[in-house]
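*Asks:* Give me the fold of what follows.
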Amino acid sequence: MSVCPTACYRSVPSLAYDRHAGRRVTSAFVLSLNQLKGFPVSRILLAPFVVLLLFVVPRSLVAEIRIGAAMKVITPDPLLPVSGGVGKPNPASEKRGELTARAMVFEKDGTSVAFVGLDLIGFPSVLGARVREQVPRIPGENILIGSSHTHSAPDCYAFPDGQGGHTGDLEWMDFVCNQAAKAINQAIDDLAPATIRIATGEAKGKIAYNYYAPDLYDRRMSVIQAIGEQGQTIATLVNYATHPEVLGNGVGIVSPDCIGPMCDRIEQQIGGMAMFMNGAQGGMVTADNRNLDEPRDGGRGYWNDSRTWDECLRIGHLMADEALRIVDDAPQQKDPTLHVEAHAVDFPVESELLLAIVKGSPLGYPINDDNSVTAQINLVNLGNAQVLTIPGEALPNIGFYLKRKMHGEHNLLFGLTNDAFGYILTKEDFNSFPRYDYVSRTSLGEMTGDILVEKSLEFIDGAPMPDKSK
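*Replies:* I've put the predicted structure just below:
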């Protein structure tokens, strides 16, 4: 910048990026014409050199968001039995796709958060603590660990088998914890300046339905995409509510189910890493693999279904295509706010079944003296989006209500995150319809949903507002 006798400069620093030094350069001095009056000619001639005096600011001190992403494989070798929930897992003899741990890390102004997705039916907090211990560069409460809820992966609960043993493989569980920590740490190592795009829209096509009441489910899909400085995709996160149980646990296959093909297709189409975080998919929002021309009980709304890898490919590819369509024209957010909160909430354990699991598992679940369990709930503001975690499988009516009360332009629920304490129902739904018998038996208790909603509203209303679109 040179001094021009007809110019007047405002006292505002300007920024440029030195690509070779990898640092920001700030122009620190700005002169106006009035400031030059009365200066000797020699000083005026020196003014350009004074104006070019620069302060070099380390890049880490500049207010910008940095994002990194990484993936690690967690498929057991040799293969292990697969679990669809409480009960004995079924043997597996082949795999389709890889089970993975995927991490997306955001960092800005000294605040960092990790979104972690695991291809598992659930991941209890006692194992989450093992992961967090291996990631010292992010506060443990800012590491959000969720499960896809595939029904074609080994059990990470170690359910008591009623005969003094349990259903889990403890060595493999340690491996999963280590791999998840490696993914997060690699994502931290790969942090780089980025912008984000966030969008929400209806995911169209035959993707999901409610097994209990076909039309009662949330069709909205939200997408968070990180874009690097050169325009390359760093990562794409898809948030959608469904049970990835096309295959289920009865066909002898270890698989991420439809989530694996979804991630593969996104990565093939636009690069970067893709990941999935589930939503409020309880009671009973599931993959729509129905053969609609083969009703099994038309009066009650049951159909035969396709439990094949081809059907996983169809649904996964459709999810990917819809995610890319939804985020395609979303504006870039170049300076998004990042705010993270973590809250501890106690839930009473009224279910004899779940109490027996908590007390009988070799994992050493922490339980309070009053037979309650403590779960972590996170609230995150990321640009114009707000994220709330749910430590289990909330029914879709709870999900709709929470999203309606959240303050983002895009409101995301990360279900089965930080814990996986069964189904979460309101007291009105608990033990009501015959179809709710199973989800009631595998819920902590009648008040679980009400406690979740009440506490979540407190956190939502007490948090800063997310960004607003300009």
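*Asks:* Other residues contacting the host helix or strand of Arg132?
*Replies:* Element membership for Arg132 (DSSP states H and E) is helix 125-133. Residues outside helix 125-133 that contact it (Cβ atoms under 8 Å, 6 or more residues apart in numbering): 116, 140, 143, 145, 156, 173-174, 176-177, 180-181, 184, 363-366, 375-376, 391, 418-419. Using the backbone N, CA and C atoms, a C-beta is placed for each residue, glycine as well.
*Asks:* and those, which of them are in strands?
*Replies:* Assigned to strands by DSSP state E, the following of the contacts of helix 125-133 qualify: Val116, Ile143, Ile145, Ala375, Gln376.
*Asks:* So which residues of the stretch 51-200 of the chain form helices?
*Replies:* Here the stretch 51-200 of the chain has its helices, by DSSP state H, counting those that start in this stretch, at 125-133, 170-189.
*Asks:* which stretch among those comes nearest Pro81?
*Replies:* Pro81 lies closest to helix 170-189 among the helices of the stretch 51-200 of the chain, at 10.9 Å (Cβ to Cβ).
*Asks:* buried ones in the closest one?
*Replies:* 172-173, 176-188 (16 or more other Cβ atoms under 10 Å).
*Asks:* same thing with stretch 412-429?
*Replies:* Buried residues in stretch 412-429, counted by 16+ other Cβ under 10 Å: 412-426, 429.
*Asks:* Filter those down to the ones in strands?
*Replies:* Leu412, Leu413, Phe414, Tyr423, Ile424.
*Asks:* Quickly check these for the two that are furthest apart.
*Replies:* Across those (Cβ to Cβ), the longest gap, 20.3 Å, separates Leu412 and Tyr423.
*Asks:* In the ones in strands among the contacts of helix 125-133, which residue is surrounded by the most others?
*Replies:* Using other Cβ atoms under 10 Å as the neighbour test, the ones in strands among the contacts of helix 125-133 are led by Ile145, with 30 neighbours.
*Asks:* tell me the contacts of that one?
*Replies:* Ile145 neighbours (Cβ under 8 Å, 6+ apart): Val116, Leu118, Phe123, Gly128, Val131, Ala180, Thr417, Asn418.
*Asks:* Quick check: bridge partners of the residue lying closest to Thr242 once chain neighbours are set aside?
*Replies:* Among residues not flanking Thr242 along the chain, Ala208 sits closest, at 4.3 Å (Cβ to Cβ, 6 or more residues apart in numbering). Assessed by DSSP bridges, Ala208 has beta-bridge partners Ala287.
*Asks:* and Ala208, how many neighbours does it have?
*Replies:* 25.
*Asks:* swap in Ser306?
*Replies:* 17.
*Asks:* Hmm, Glu294 and it touching each other?
*Replies:* No - counting by Cβ atoms under 8 Å, Ser306 sits too far from Glu294 to count as a contact (9.5 Å).
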